[in-house]
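> Any chance you can model this:
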Amino acid sequence: MVKILVADDHKIVRQGLKKILEDESDFSIIGEAVDGYDAIEKTGQLSPDILLIDLMMPRLNGLEVTSRVKHTHPEIKIVVLSMRSSESYVLKAIQNGADGYVVKSEGIQDLVTAIRTVSSGRTFLSPKITNLAVDTFLTTSSQVPPDEYSTLTAREKEVLQLIAEGMRNEQIAEYLTLSIHTVNTHRRNLMNKLEVKNRAELVKFAYQQGIINGDR
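Numbering: from 1, shown residues only. I've put the predicted structure just below:
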C-alpha cells in the first residue's frame, strides 16, 4: 500500500484528490496539509511514502518544502503538482529534489502513473514537459552558477514569501516567533542580496521566482 500525504491550500482540491486516488486499491491517503509548514510537520508525523504537493503553497512554497523534506527525509518521494509547465519551474523542482512533476491540466491517469512511477524509484514528468531540456539540464547543472534565490538563507526565504503574501513586519515576527528587529534585519539583508529598493520589488522578485501567484 502506497501511503500518500496530500498538500494543497484549497480544500476542494484536497478532497477531490483524496476521492480520486483512494479509488486505486493500492493507494491510501494518510493525511492532508493546508500550507507549506503544515506539509513539513505532517510529513514528520505521518512518514508517508509519497508527498503530493502543490507548487504554489502559502506560507512556504512547494519548492522550499520539497528541499527541506528531502534534506530531513530523503527516503520520501515527492510529486509536485503545478499549473505551470515551463521548463524553468520543472528544473527548479528537480534541483530541489522532486521525484515527479505533474501539470494540473493533464488527466488524472498521469497523476496515478506519476505516483506509481516514483514509488518504484524512477522519475516522472508530465508529457507536456520537454524531456530533452531536462536531460540537458541534468548533464550541465554542475556548471550552472547559483541563482539569486538559492543564495538566500532558509529564514530569508521564509521572510521573503511572507512579505510577498502581504504580511506586515509585526505579523511576520509573530508568525515566525521572532523579534521585530530580527525581521527588519532579514528584510534589509534580502534587499541587499537581491539588489532591490523596496517591498514592491521584493514582491515582484517572488512572483518572478514562482514563489507566489499573481493573485496572492
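
> can you pull out the helices in the protein?
11-21, 36-46, 62-72, 87-95, 108-119, 131-140, 154-164, 169-176, 180-194, 199-208 (DSSP state H).

> In contact with Ser28, which residues?
Ser28 makes contact with 1-4, 22 under the criterion Cβ atoms under 8 Å, 6 or more residues apart in numbering. Every C-beta, even on glycine, is put in place using the N, C-alpha and C of the backbone.

> Kindly recompute the last result at 6 Å.
1, 3 (Cβ atoms under 6 Å, 6 or more residues apart in numbering).

> circling back to that earlier point, got JSON lines for the helices of the chain, with mean pLDDT, mean neighbour count and distance to Leu55 too?
Listed next are the helices of the chain as JSON lines, based on pLDDT from 0 to 100; neighbours: other Cβ atoms under 10 Å; distance: least, Cβ to Cβ, whole Å:
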{"stretch": "helix 11-21", "mean pLDDT": "94", "mean neighbour count": "14", "distance to Leu55": "13"}
{"stretch": "helix 36-46", "mean pLDDT": "97", "mean neighbour count": "19", "distance to Leu55": "11"}
{"stretch": "helix 62-72", "mean pLDDT": "95", "mean neighbour count": "21", "distance to Leu55": "4"}
{"stretch": "helix 87-95", "mean pLDDT": "84", "mean neighbour count": "20", "distance to Leu55": "7"}
{"stretch": "helix 108-119", "mean pLDDT": "94", "mean neighbour count": "18", "distance to Leu55": "14"}
{"stretch": "helix 131-140", "mean pLDDT": "57", "mean neighbour count": "12", "distance to Leu55": "16"}
{"stretch": "helix 154-164", "mean pLDDT": "94", "mean neighbour count": "21", "distance to Leu55": "13"}
{"stretch": "helix 169-176", "mean pLDDT": "94", "mean neighbour count": "16", "distance to Leu55": "22"}
{"stretch": "helix 180-194", "mean pLDDT": "95", "mean neighbour count": "16", "distance to Leu55": "21"}
{"stretch": "helix 199-208", "mean pLDDT": "90", "mean neighbour count": "16", "distance to Leu55": "13"}
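
> Identify whichever of those helices lies nearest to Asp54.
For these, the distance to Asp54 is smallest for helix 62-72, at 5.7 Å, taking Cβ to Cβ.

> So this protein: which segments form each domain?
2-143, 149-208 (automatic domain parsing).

> so what's the most centrally placed residue in the chain up against?
Centroid-nearest residue in the chain, with Cα atoms, centre = their mean: Gly62, separated by 1.1 Å. By Cβ under 6 Å, 6+ apart, the contact list for Gly62 reads 53-55, 80.

> Fine, thanks again, bye for now.
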